[in-house]
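Colleague: Predicted coordinates and the sequence they were generated for:
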Amino acid sequence: MESAPRSGCPINQAVEVLGDPWAMLVLRDIMFGDRRHFRELLAGSEEGIAPNILSSRLRRLSDAGLLTRQDARRGQRAAYSLTEAGVQTLPIMVALGSWGLAHRSGERRLRVRAELLRDGGQGLVARFMDDLRHVHLGAPRPDPHAPQAADELRSAYETALRE
């Protein structure tokens, strides 16, 4: 259950939901890694999130309205999806990635998506948000013939892995 915020300040309220590093990394892995199940998120965590922390963050993000959890039928795994509020965190991710590119060093393979989103501008970010809405919310793509931003990001990442 969501607790009352410390204040009515919108920055405070956003930080209370998104200010935890693990929460942002879970959202990142769902957005960019298309990891929708607990085991995928756990196994694919670059930072090595512990199972209890992952479980806690998935619950918190769901309680905060950024994720939904589709309960699994017997023999299936529960899947997590972004809500519209979750999709709208993408520009925050892009801003954080751009700041990290400018002020921190890191591995090429882990920087390539942030570079592509930074250099692609608002158009690429908007297309990626449309992709996320299609995948997570079932929304139709505004232009079904436009290249999918998710494919561009995936291709850039795979190319960086081969370099």
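Modeller: Thanks, I have it. Residues are numbered from 1 along each chain as shown.

Colleague: List the buried residues for the host helix or strand of residue 42?
Modeller: In this assignment (DSSP states H and E), residue 42 forms part of helix 38-43. Residues 38, 40-42 are the ones in helix 38-43 that count as buried (16 or more other C-beta atoms under 10 Å). The way it works is simple: take the backbone N, C-alpha and C, and place the C-beta from them, glycine included.

Colleague: so how many other residues sit close to residue 118?
Modeller: 18 (other C-beta atoms under 10 Å).

Colleague: Tell me which stretches of the chain form helices.
Modeller: 10-18, 21-33, 38-43, 51-63, 84-87, 90-103, 108-132, 149-162 (DSSP state H).

Colleague: Can you name every helix or strand that the longest one contacts?
Modeller: Other elements packing on helix 108-132 under the criterion 3 or more C-beta pairs under 8 Å, 6 or more residues apart in numbering; DSSP states H and E are helix 90-103, helix 149-162.

Colleague: which parts of the first one are buried?
Modeller: Neighbour-count burial for helix 90-103, with 16+ other C-beta under 10 Å as criterion, is recorded at 90, 93-94, 97, 101.

Colleague: Now render the residues you listed as CSV, adding distance to residue 30.
Modeller: As requested, the buried residues of helix 90-103 are exported to CSV (distance: C-beta to C-beta, whole Å):
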residue, distance to residue 30
90, 11
93, 11
94, 15
97, 15
101, 21
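
Colleague: so which of the residues you listed would you say is closest to residue 82?
Modeller: Among the buried residues of helix 90-103, residue 90 lies closest to residue 82 (C-beta to C-beta), at 9.1 Å.

Colleague: Cheers, nothing more for now.
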